[in-house]
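>>> Quick one, fold the following:
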Amino acid sequence: KYLDNPSSHSLQVIGITDIGEIDSSTNIAEAILIAVNNQGLQLKSMDILVVTQKIVSKSEGRIVSLSEFNPSQKALKLASDTGRDPHLVEAILSESKAVIRVDNSRGIIISETHHGLICANSGIDSSNVPGNNMVSLLPKHPDKSASCIMEFLKNRLGIHLGVIISDTHGRAWRQGATNLAIGVAGLNPITDYRGTTDTFGEILNTTTIATADEIAASAELVM
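Alright, predicted model coming up:
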């Protein structure tokens with residue numbers, strides 16, 4: 001949320017509470033709007049909503065049982081090498097277009113998803129998912145997911161909002177994970193400073209800032 005006085009150069013991050021459990025029958029944009037209203041908040045033009053991947057996946061029916069995946073020979077071999085569940089490994093392979101790195105000693109599989117995201121286990125997650133042996137898969141089209149939320153709220157409220165679908169990923173050679181944007185609508189995810197000058201008048205040739213990732217990371221602090 002940009003503060004009303006743009007000259008303040010400030011950003012306010014507000015957590016939206018009491019959305020409740022989401023499932024495939026939920027209109028996630030409407031659920032967000034109801035929670036915002038119940039909280040006594042008002043969405044304004046140019047606000048940016050950061051929505052976690054997990055509830056988007058829940059609303060889009062991307063919660064599945066690992067029993068649905070029949071392990072291939074490749075999955076069985078990789079499962080044996082890493083000590084992972086063969087059904088989970090098959091799910092990882094089905095959600096990826098390439099396996100980037102495998103650490104057998106720690107059972108870590110780094111893959112590139114069909115979206116082009118480089119992450120552990122193709123972004124498959126079992127936390128905050130109801131039921132035994134159930135996992136959450138990433139949304140199939142995160143940009144489209146963000147656009148649907150944006151358009152619903154635009155039609156309902158008559159304002160322009162940015163929407164970011166966020167997920168928590170690790171980073172190469174860094175401890176800890178951080179939120180980043182996997183889907184964006186209504187804002188430019190990159191701030192391009194190329195062609196501008198630095199403090200000393202030198203032209204910047206390569207500087208582009210991952211604005212959407214930075215906003216997603218700031219939102220995670222209150223999530």
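>>> When you work out contacts or count neighbours from here on, use the C-alpha atoms and nothing else.
Noted.
>>> Tell me which residue lies nearest the centroid of the protein.
The centroid of the chain falls nearest to residue 166 when counting by CA atoms, centre = their mean (2.4 Å).
>>> which SS state does that residue fall under?
strand (DSSP: H, G, I helix; E, B strand; the rest coil).
>>> before we move on, what SS does the nearest residue to it once chain neighbours are set aside have?
Of all residues not flanking residue 166 in the chain, residue 181 sits nearest, at 4.5 Å (CA to CA, 6 or more residues apart in numbering). What three-state DSSP gives for residue 181 is strand.
>>> any idea how far residue 78 is from residue 18?
41 Å (CA to CA, to the nearest Å).
>>> And the helix ranked longest in the chain, what does it pack against?
Longest helix in the chain by number of residues (criterion: DSSP state H): helix 142-157. Contacts defined by 3 or more CA pairs under 8 Å, 6 or more residues apart in numbering; DSSP states H and E place helix 142-157 against helix 28-38, strand 162-171, strand 174-185.
>>> Identify the spatial nearest neighbour of residue 107, chain neighbours not counted.
In space, residue 107 is closest to residue 82, 4.3 Å off (CA to CA, 6+ apart).
>>> Counting neighbours, what do you get for the one you found?
Neighbour count of residue 82, defined by other CA atoms under 10 Å: 19.
>>> residues contacting it?
103, 104, 105, 106, 107, 108 (CA atoms under 8 Å, 6 or more residues apart in numbering).
>>> burial count for the closest residue to the first one other than its chain neighbours?
The reference is to residue 103. By the measure of CA to CA, 6+ apart, the closest residue to residue 103 outside its immediate chain neighbours is residue 109, 6.6 Å from it. Number of residues near residue 109 (other CA under 10 Å) recorded here: 21.
>>> Could you check the pLDDT of residue 109?
We have a pLDDT of 95 for residue 109.
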